[in-house]
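Enquirer: need a 3D model of the sequence below.
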Amino acid sequence: MRAWARKLGQDLEAPVAARRFGSGWFAGFFALLLALLGLSLVVSLRWSGLFGTPELEAVRDWPGLRGFVHLVLLAAYGLALLSLMLRPRKVLGATALLVALAATLLGGANVQPRALHDWGIFFGVDFFAINMIVTGLMFAPLERIFPHRADQRLFRQEWREDLFYYLVSSMMVQLITFLAMAPSTLVMARTGGLADFRSMVAAQPWALQFLEAMLLTDLAQYWFHRAFHRVPFLWGFHAVHHSAKRMDWLAGARMHFIEIIALRGITSLPLLTIGFAPSVLQAYVGFVYVYSSLVHANVSGNFDWLGRFLVTPRFHHWHHAIEPEAVDKNFAIHFPWLDRLFGTHLLPPGQWPSGYGVPEEVPQGYRAQALYPFRRKQPARGD
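Expert: Next up, the predicted model:
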C-alpha cells in the first residue's frame, strides 16, 4: 500500500514534460478527482448520520444529486480508461478506476441510506468534498492561467500535508465548532438583557449585516493574529501556518488544530452574540473559505486600487514574506486599513516577496507539526 501511494504521489508530481496534453496525465488527474468526489458523496448518502454534515442535508435531499453522482462516476470511469490507454505509467488511472469502483460497489447513484446508532457524532465527508471541489475548480485554473510564480506546479512540495490539513479541518468541523462556540454560549447565557439590541441588529438590511460581520470579525481577528505573532508560546502554533515555503490556494489550510479552535472561538463571538441573521452567518462562513484561498493563491496582479480597501493576494503574501521588514506586518484578513490604523501596514509598490517561510526549523508532516508548539525549545519568532 505504501509503495502504491508513493508511486501515485510521484505520478501526480511528474515533471511538466510528462504531463503534456495527450500524455494521459490530465485524464488520470481529473478521473481521480471525480472518483474521489463520487466516493465522498456516496459515503455521505449511505451513512449520512456519521459522514454527512447536518447543514448540507438540503443538498443530500436534492432530487438531482443522484443523477449528478451517476454522471460523476461515469466521467471518472471514462477518463480513467483513457488515462490507462495513453499513459505508460498506469498508477494514476488505475487508482481512479479503483476509487470509482469502490463508490459503485457501495451503491453508486442508487445508494440507500444505512441506519446507524445515533451517537450525535459526524464527520463532514460531504463538506470536505464540496468545499475542496468548489475552491479547487475556482483557483487551480486561475493559478495556471495567471500565475505569479510561473515555475510553481500544482502539486508543489508539501501539497500532501496541506491537503491533509484541509481534510482534517473539514471532517472535524463538528468538534471544532463545539469547542469554538463555548465562549459565545457563555456570553449569550449572561447577556439576556441585550435581546432588544439583537432584534434591532437582525432587522437591518442583509447586506449591511454582512458588512458589519466582516468588520467586527476582522477587528477581532487582527488582534488575535497579532497576539499569535507577539506571544512566543502562541507563535509556536502560528509558525506551522507560516512554515509553507510556497504560496497557493491550498496553503491557507495549513493551520494547527489548536489555532483553528481559538480562531473560530474569537470570530464566533461577534457573529453569534450580537444578533446577526443566521443566513448572514452562513454566508460569511462560506465567504471566508473562498477568501482565504484567494489571498494565499499563486495569482499575479497588483490590484493596487482595490488593495486600498480590501486585502489582496499581494498584501497577504507580504505577511508570509521572508524579508526582515515584513516581520509582524499585514495582520488584517479583510480590511488593510486596520494595519494602517495600527501601524503594521507594508505593501511596497509593485513588489512581491522574494520567498516565504520562517527562519526556524518547523518539521514536516502533520503529526510532527501538531506536536511542534509543545516540543519547541527556542523562543525564536519569525514572520
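
Enquirer: so, low pLDDT: which residues of the stretch 151-300 of the chain?
Expert: 171, 173-174 (pLDDT under 70).

Enquirer: show me the strands in it, by range?
Expert: Remark: strands of the stretch 151-300 of the chain are absent; assignment by DSSP state E, counting those that start in this stretch.

Enquirer: Ser268 against Met181, yeah?
Expert: Yes. Assessed by CB atoms under 8 Å, Ser268 is found in contact with Met181 at 5.7 Å. (Glycine included, C-beta is placed from N, CA and C.)

Enquirer: ok, the two, which is more surrounded?
Expert: Using other CB atoms under 10 Å as the criterion, Ser268 and Met181 rank with Ser268 on top: 22 against 16.

Enquirer: measure the more buried one to Ala203 for me?
Expert: Distance, Ser268 to Ala203, by CB to CB, to the nearest Å: 22 Å.

Enquirer: tell me, what residue is most central in the chain?
Expert: Geometric centre of the chain, nearest residue: Ala253, 4.2 Å, by CA atoms, centre = their mean.

Enquirer: quick one: it and Asp162 touch, right?
Expert: Yes. The pair Ala253 / Asp162 is scored as a contact, 5.3 Å apart, by CB under 8 Å.

Enquirer: show me how this protein divides into domains.
Expert: 2-122, 174-375 (automatic domain parsing).

Enquirer: dump those to JSON lines, plus distance to Phe139.
Expert: Shown next, in JSON lines, are those (distance: least, CB to CB, whole Å):
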{"stretch": "domain 2-122", "distance to Phe139": "14"}
{"stretch": "domain 174-375", "distance to Phe139": "4"}
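
Enquirer: so for Phe146, which of those domains sits nearest?
Expert: domain 174-375 (5.1 Å; CB to CB).

Enquirer: which residue of the chain lies farthest from its centroid?
Expert: Centroid-distance maximum for the chain: Gly193 at 37.2 Å, with CA atoms, centre = their mean.

Enquirer: list the buried residues for stretch 2-14?
Expert: Buried residues in stretch 2-14, counted by 16 or more other CB atoms under 10 Å: 7-8, 11-14.

Enquirer: I meant to write stretch 275-291 there.
Expert: So stretch 275-291, judged by 16+ other CB under 10 Å, has buried residues 275-277, 280-281, 283-284, 288-289, 291.

Enquirer: nearest to Ala76, of those?
Expert: Among these, and counting by CB to CB, the member closest to Ala76 is Tyr289, at 24.8 Å.

Enquirer: give the contact list for the closest residue to that closest one other than its chain neighbours.
Expert: Using CB to CB, 6 or more residues apart in numbering and skipping the chain neighbours, the partner closest in space to Tyr289 is Asn131 (6.2 Å). The neighbours of Asn131, taking CB atoms under 8 Å, 6 or more residues apart in numbering as the test, are 166, 170, 289.

Enquirer: I'd like those residues as a markdown table, with distance to Ala3 appended.
Expert: Formatted as a markdown table, these follow (distance: CB to CB, whole Å):
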| residue | distance to Ala3 |
| --- | --- |
| Tyr166 | 25 |
| Ser170 | 28 |
| Tyr289 | 35 |
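
Enquirer: which one of those sits closest to Phe237?
Expert: Nearest to Phe237 among the contacts of Asn131 is Tyr166, at 17.8 Å by CB to CB.

Enquirer: shouldn't the closest one be in contact with Trp249?
Expert: No. Using CB under 8 Å, Tyr166 makes no contact with Trp249, being 10.2 Å away.

Enquirer: between those two, which has more neighbouring residues?
Expert: Trp249 (25 against 20).

Enquirer: quick one: the more buried one and Thr135 touch, right?
Expert: Yes. With contact defined as CB under 8 Å, Trp249 counts as touching Thr135 (6.4 Å).

Enquirer: show me the contact partners of stretch 222-235.
Expert: Here stretch 222-235 has contacts from 237-238, 259, 262-263, 266-267, 328, 331-333, 338-339, 342, 344, 373, 379, 381, using CB under 8 Å, 6+ apart.

Enquirer: straight-line length of stretch 334-348, end to end?
Expert: End-to-end distance for stretch 334-348: 19 Å, by CA to CA, to the nearest Å.

Enquirer: give me the contact list for that stretch.
Expert: Counting by CB under 8 Å, 6+ apart, 214-215, 217-219, 222, 226, 291, 307-311, 314-315, 318, 325-326, 328-332 sit against stretch 334-348.

Enquirer: using the three-state scheme, assign Pro113.
Expert: coil (DSSP: H, G, I helix; E, B strand; the rest coil).

Enquirer: now do the contacts for Ala262.
Expert: So Ala262 contacts 180, 224 (CB under 8 Å, 6+ apart).

Enquirer: kindly recompute the last result at 10 Å.
Expert: Shown in contact with Ala262 (CB atoms under 10 Å, 6 or more residues apart in numbering): 179-180, 183, 224, 227-228, 234, 237, 256.

Enquirer: please apply the same query to Ser292.
Expert: Ser292 makes contact with 135, 249, 251-253, 255, 316, 333 under the criterion CB under 10 Å, 6+ apart.

Enquirer: Gln209: which of those is nearest?
Expert: The closest of those to Gln209 turns out to be Ile333 (CB to CB; 18.2 Å).

Enquirer: all helices for the stretch 251-383 of the chain, in order.
Expert: 257-273, 278-296, 304-307, 313-319, 337-342, 366-375 (DSSP state H, counting those that start in this stretch).

Enquirer: most tightly packed of those?
Expert: Mean neighbour count (mean count of other CB atoms under 10 Å) peaks for helix 313-319 among the helices of the stretch 251-383 of the chain, with a mean of 23.

Enquirer: so for that one, mean pLDDT?
Expert: Helix 313-319 carries an average pLDDT of 96.

Enquirer: name the helices or strands packed onto that helix?
Expert: Here helix 313-319 touches helix 278-296, helix 304-307, going by 3 or more CB pairs under 10 Å, 6 or more residues apart in numbering; DSSP states H and E.

Enquirer: where does the closest residue to Val42 other than its chain neighbours sit, in terms of helix or strand?
Expert: Counting by CB to CB, 6+ apart, Ala103 is the residue found nearest to Val42 once chain neighbours are left out, at 4.6 Å. Using DSSP states H and E, Ala103 maps to helix 91-105.
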